[in-house]
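J.: Below: sequence and its predicted model.
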2 protein chains.
Amino acid sequence: MIEQPYHHGKLREALLERAMETIEEAGVEGLSLRQLARDVNVSHGAPAKHFRDKQALIDALAMAGFESMNHRIRTAAESSGTLQERFVSVAKAYVGFAVSQPALLTVMYSTKHHPDSSAELRNTGGQGIEIAQAMIIEAQEAGVLAPGNAETLALVCFASLHGAALLAAGKHLDGATVDDMVTATTDTLWAGMAAGVPAAQNS
Amino acid sequence: MIEQPYHHGKLREALLERAMETIEEAGVEGLSLRQLARDVNVSHGAPAKHFRDKQALIDALAMAGFESMNHRIRTAAESSGTLQERFVSVAKAYVGFAVSQPALLTVMYSTKHHPDSSAELRNTGGQGIEIAQAMIIEAQEAGVLAPGNAETLALVCFASLHGAALLAAGKHLDGATVDDMVTATTDTLWAGMAAGVPAAQNS
DNA sequence: AACGGATGTAGTCGCTGTCTACATGGTAGG
DNA sequence: CCTACCATGTAGACAGCGACTACATCCGTT
């Protein structure tokens, strides 16, 4: 019989790890602090010493999710190939993350975070857009894409892929494959950005 | 003093109406059957006679949401103007709905509906895509848009606007206006669909 | 007028998040 | 060395929740 030490030692990490598993199995609303405590063999009040709130734990999950996501996006952005190929790479990285951890993505973009966490989350969550924006600017300067407001275009690309990711994560894509969906989205967006907006060009 | 009749009479509708208000004020997780019962002056067990479950009530909310949304989209699709103008109209109708009732939209696209409700919801929720698809086919036949898989393209458009809607609803658009966002998205998508996918054309 | 189903009430159960008081154990200062 | 402190864990309590049950009331049918 192994004696459990009075202090767990790495309770915070253990809670986060187990919580990650739980939300993917049962969703956020299936997450219970008490059950979580039972899962890691600790009293029901112990988690409160590391997360003042249930929401605080969820915020920490979201934060970890953004960091993991940003890492995947960044490595995809640094891949080799043409600008368009790297653009597609980033898109697939994002949607791939979303599909692999759909519940986490929902938590990350949930509206109700603690005020203090919210600022930090917003900051960390915006990095994906910045990377997309940098790629668009680079393509515009290279003449591959038509001129245009890169900030807005990056937001459009991000939003579009975000939508595709959420639909894929929620299994709302009827017949289409996730990969087909991403390819079609990036192709259409890239073609649209390459062509530019006709109305703006006529004036 | 007005005597309350023993039977409420329209309890189901009253519950749905109040629940709509509540989720927009406090989110789905802020919705409590007991509080709801108190709000409409009935006992805490009364709602169970109309919704076996809390989830059943939420499913009913989602269903009502889709019907309301479909109505808005359909009227927008029947507006006058060029195909592109009608396309933008539909997009604005969708995003407008999303922004006006963000919590409801979240509920509508939530993953965990009852199995029986799920089929009905999926059916009702797909109408928006069908409308988009019909418009794209019409534009392709008119030669305004390049040929291409209309079903996939409709899904791409829907997903993109869905993403924009969710970001807008969740206040994740930093500086950009919702209207700017929709305009930029539809412009880019339309231009992309008009140009077609170069890779496919080269072969 | 009597029956029976639909609707609402009241009580209970186990579960939850949060709060409190207390126990434990590592660590730094005298 | 030991003592005081603070972070960490335990144990108990509380109100609120969803769901279930037994019972009350109303209303349409026959």
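T.: Arrived safely, thanks for sending. Keep in mind that what you see is a predicted model, and the values were worked out from it rather than measured.
J.: Could you confirm whether any residue of stretch A:81-100 contacts chain B?
T.: No. Contact between stretch A:81-100 and chain B, assessed by Cβ under 8 Å from any Cβ of the partner chain, is absent, since the two come no nearer than 9.4 Å. For glycine as for every other residue, the C-beta is placed from the backbone atoms N, C-alpha and C.
J.: ugh, typo on my part, it should be stretch A:114-121
T.: No. In terms of Cβ under 8 Å from any Cβ, no part of stretch A:114-121 sits within range of chain B; the closest distance is 10.1 Å.
J.: In chain A, which helix is the longest?
T.: Assignment by DSSP state H gives helix A:54-77 as the longest helix of chain A.
J.: what residues does stretch A:60-70 touch?
T.: Contacting residues not belonging to stretch A:60-70 are listed as A:16, A:19-20, A:23, A:51, A:94, A:97, A:101, A:104-105, A:107-108, A:110, A:113, A:117, A:120-121, A:124-125, A:127-128 [Cβ atoms under 8 Å, 6 or more residues apart in numbering or on different chains].
J.: can I get the CA coordinates of the helix or strand hosting A:E151 in CSV?
T.: Counting by DSSP states H and E, the secondary-structure element that holds A:E151 is helix A:150-169. The C-alpha trace of helix A:150-169 is given here as CSV (Å, rounded to 0.1, in the frame of the first residue of the first chain):
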residue,chain,number,x,y,z
ALA,A,150,-4.7,43.7,-44.3
GLU,A,151,-6.1,44.0,-40.8
THR,A,152,-9.7,43.6,-42.0
LEU,A,153,-8.7,40.8,-44.4
ALA,A,154,-6.9,38.9,-41.7
LEU,A,155,-9.9,39.2,-39.5
VAL,A,156,-12.1,37.9,-42.4
CYS,A,157,-9.8,34.9,-42.9
PHE,A,158,-9.7,34.2,-39.3
ALA,A,159,-13.4,34.4,-38.9
SER,A,160,-14.1,32.2,-41.9
LEU,A,161,-11.8,29.5,-40.7
HIS,A,162,-13.1,29.9,-37.2
GLY,A,163,-16.6,29.2,-38.5
ALA,A,164,-15.4,26.2,-40.5
ALA,A,165,-13.6,25.0,-37.4
LEU,A,166,-16.6,25.3,-35.2
LEU,A,167,-18.9,23.7,-37.7
ALA,A,168,-16.4,20.8,-38.0
ALA,A,169,-16.0,20.6,-34.3
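J.: State the next helix or strand along the chain beyond it.
T.: helix A:178-195.
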